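Provided below are the primary sequence and the corresponding predicted coordinates.
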Amino acid sequence: MVGFISHDLCSLHEMGAGHPECPQRLQAIKAQLQHSGLWEKLHHFTARAASDEQILRAHSEAHLHRLKTLKAQGGASVQVDPDTSMNPHSLAAAYHAAGSGVQALELLLSAKESSVFCAVRPPGHHAEYATAMGFCLFNSVAVTALQALKNPAIERVAIVDFDVHHGNGTVDIFKDDPRVMVCSTFQHPFYPHRYYDIEREHIVLSPLPAGTGSETYRQVFERDCLPAITAHQPQLFLVSAGFDAHREDPLGGLCLEDEDYAWLAEQIIILANNSAEGRVISFLEGGYQLQALARSVESYLTVFCDSD
């Protein structure tokens, strides 16, 4: 079975009327998976919250203190940065989003699941070591990677980020940690304009101009990511699965199709089977056109279910 982790709190987190990172994103995914029949093929789990100890492996004490202080101020909503705000449920949702990855790791290492998809909000890949930004509070994929590296069976991790926006937070946290390879494909120049030109052997960056479509995207992924990951021989794959590179997404300018997310799943599974006993944890990041998001998640998850 393929695991699917979520939590009701993730649907209570809101950043205001009209904000693209909205609870309806999870509702659309669930409705699509139910309509397709895929929902019944998944093994469902309720996310547990991460501990402060787990959060503080990826983030500074000052960062955590700031978010707790903002929550303590109360009120309907508090602003974290110009794009990001918190309502009274947001911090708890972020703890559970980060905790979903730790929980997924336990499921994989105990061989209870072959792969896990974390359908959680808020997203995480823009959250840097000391900064919340870009709709993100905690970097869930980083929390999970650092938890994994405490296990003697995991010495190397690969993070694949195919969100239309560069995963600056993930790069910031792991820029000096060669145990973790970060492969990020992203539109450029584009938000967040940070860490897009850093040079490290274990940081593989693939900037793409607006208008890039399926054929070019696949060629770049094959050229940059496949050989680097194969050489790294990771024992765990983590995926920042943002679906906003879809041609219908209003926040991006890349032109991927539903089928490209199935292709990405196929590539990730081949790589994971090669060195990581098939272990893959995927985290929902971006994707803001609800129908395109839901279809793309279905395409992506179908491949994992069919390969199980």
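Everything's here; your move. Numbering: from 1, shown residues only.

for residue 43, what are its contacts?
Going by CB atoms under 8 Å, 6 or more residues apart in numbering, residue 43 touches 1-4, 113. All C-beta atoms are positioned from the backbone trio N, CA, C, and that covers glycine.

now do the same for it: helix, strand or coil?
State at residue 43, reduced to three classes by DSSP: H, G, I helix; E, B strand; the rest coil: strand.

for stretch 162-170, measure first residue to last.
In stretch 162-170, first residue to last residue: 13 Å (CA to CA, to the nearest Å).

ok so, going back, among the contacts of residue 43, name the ones in helices.
Among the contacts of residue 43, no member is found in helices (DSSP state H).

most neighbours out of those residues, which is it?
When neighbours are counted by other CB atoms under 10 Å, residue 113 leads the contacts of residue 43 with 24 neighbours.

would you mind measuring from that one to residue 305?
Separation of residue 113 from residue 305 (CB to CB, to the nearest Å) stands at 12 Å.

shared neighbours of those two, anything?
residue 2.

ok, back up a step: want to try JSON lines for the contacts of residue 43, with distance to residue 141 and pLDDT as columns?
Formatted as JSON lines, the contacts of residue 43 follow (distance: CB to CB, whole Å; pLDDT from 0 to 100):
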{"residue": "1", "distance to residue 141": "22", "pLDDT": "82"}
{"residue": "2", "distance to residue 141": "18", "pLDDT": "97"}
{"residue": "3", "distance to residue 141": "16", "pLDDT": "98"}
{"residue": "4", "distance to residue 141": "17", "pLDDT": "98"}
{"residue": "113", "distance to residue 141": "17", "pLDDT": "95"}
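
so what pLDDT did residue 75 get?
pLDDT for residue 75: 67.

would you list every one of the strands in this protein?
Per DSSP state E, the chain carries strands over the ranges 2-6, 42-46, 78-81, 84-86, 115-118, 157-161, 180-187, 203-208, 236-241, 280-284.

ignoring the adjacent residues along the chain, who's closest to the residue nearest in space to the middle of the chain?
Nearest residue to the geometric centre of the chain (CA atoms, centre = their mean): residue 240, 2.7 Å. Nearest residue to residue 240, sequence neighbours excluded (CB to CB, 6 or more residues apart in numbering): residue 161, at 3.8 Å.

spit out the contact partners of the one you found.
Residue 161 sits in contact with 125, 141, 167, 170, 182-186, 239-240, 242, 285, where contact means CB under 8 Å, 6+ apart.

make it 7 Å
125, 167, 170, 182-184, 240 (CB atoms under 7 Å, 6 or more residues apart in numbering).

any idea how far residue 229 is from it?
In terms of CB to CB, residue 161 sits 12 Å off from residue 229.

which residues do the two both contact?
Listed contacts common to residue 161 and residue 229 are residue 183; contacts here mean CB under 7 Å, 6+ apart.

is the closest residue to residue 70 other than its chain neighbours bridged to anything, and to what?
Among residues not flanking residue 70 along the chain, residue 78 sits closest, at 4.8 Å (CB to CB, 6+ apart). Following DSSP bridges, residue 78 is listed with bridge partners residue 86.

then residue 246?
As for beta bridges, residue 246 partners with residue 256 under DSSP bridges.

wait, isn't it in contact with residue 259?
No - in this structure residue 246 lies outside contact range of residue 259 using CB atoms under 7 Å: 10.8 Å.

so between these two, which is more surrounded?
More crowded of residue 246 and residue 259, by other CB under 10 Å: residue 246, with 25 against 12.

for the more buried one, give me its contacts.
By CB under 7 Å, 6+ apart, the residues touching residue 246 are 256, 289, 292, 296.

what's the farthest-apart pair in these?
Pairwise distances across those peak at 12.0 Å for 256 and 289 (criterion: CB to CB).

who has more neighbours out of the two?
For residue 256 versus residue 289, neighbours defined as other CB under 10 Å are more numerous around residue 256 (27 against 21).

ok, the more buried one touching residue 247?
Yes - at 6.4 Å, residue 256 and residue 247 qualify as touching, with contact defined as CB under 7 Å.

with adjacent residues omitted, what lies nearest to residue 117?
Nearest in space to residue 117, with sequence neighbours left out and distances taken as CB to CB, 6+ apart, is residue 282 at 4.9 Å.

could you measure from that neighbour over to residue 101?
10 Å.

where does pLDDT dip in the chain?
The model of the chain has pLDDT under 70 over residues 74-75.

mind checking the longest helix of it?
Ranked by residue count and defined by DSSP H, the top helix of the chain is helix 90-109.

how distant is that one from the center of its chain?
Its chain's C-alpha centre and that of helix 90-109 lie 12 Å apart, by CA atoms, centre = their mean, to the nearest Å.
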